[in-house]
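[1] I would like to see how this sequence folds:
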Amino acid sequence: MQRISLDALARQQIELAATHSGHAADTVVGGHERVLRQTVIGLTKGAELSEHENPGEATVLVLRGRVRMFAGDGEHWDGRSGDLLKVPDARHSVLALEDSAILLTVAKLG
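    Here you go, the predicted model:
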């Protein structure tokens with residue numbers, strides 16, 4: 001068994017994001033070849049994960065900071081530390097409203 005500190009990873013990815021164009025990521029469970037993937041993503045204030053498709057069922061757990069998730073139809077949802085956002089089954093993007101870290105969990109379909 002492996003123990004992972006999400007708090008430490010959140011802090012680390014926010015620090016890396018500050019020196020790497022506003023975002024940094026570390027996949028901590030699974031990967032592209034697996035069904036389940038969990039990735040800690042650090043974002044500096046104003047950084048955005050541009051609009052993209054949802055590859056399967058997904059959630060975003062806000063570990064630190066505040067983010068806004070936009071859906072392709074103009075809807076948006078705000079999340080802050082401790083909030084869990086269900087990723088819409090549509091094109092979407094994520095904007096950091098302040099320096100933030102999120103845990104993206106994806107279970108790929110098919």
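[2] from here on, just use CA atoms for contacts and neighbour counts.
    Will do.
[3] could you give me the buried positions within stretch 53-65?
    Within stretch 53-65, the residues that qualify as buried by neighbour count (16 or more other CA atoms under 10 Å) are 54, 56, 58-65.
[4] by contact count, what packs against the lowest-mean-pLDDT helix or strand in the chain?
    The helix or strand of the chain with the lowest confidence, counting by mean pLDDT, DSSP states H and E, is strand 48-52 at a mean of 89. Under the contact criterion of 3 or more CA pairs under 8 Å, 6 or more residues apart in numbering; DSSP states H and E, strand 48-52 touches strand 92-96.
[5] just the residues contacting the strand it packs on, thanks.
    Under the contact criterion CA atoms under 8 Å, 6 or more residues apart in numbering, strand 92-96 has outside partners 43-54, 65-72.
[6] quick check: angle from that strand to strand 48-52?
    Our comparison of strand 92-96 with strand 48-52, counting by axes from the mean of the first three to the mean of the last three CA atoms, to 10 degrees, yields an angle of 170 degrees.
[7] so whichever helix or strand comes after strand 92-96 versus strand 92-96, what angle?
    Using DSSP states H and E, the helix or strand that directly follows strand 92-96 along the chain is strand 100-108. Here strand 100-108 points in a direction 160 degrees away from that of strand 92-96 (the same axes, to 10 degrees).
[8] and the contacts of strand 100-108?
    10-11, 13-14, 34-45, 55-67.
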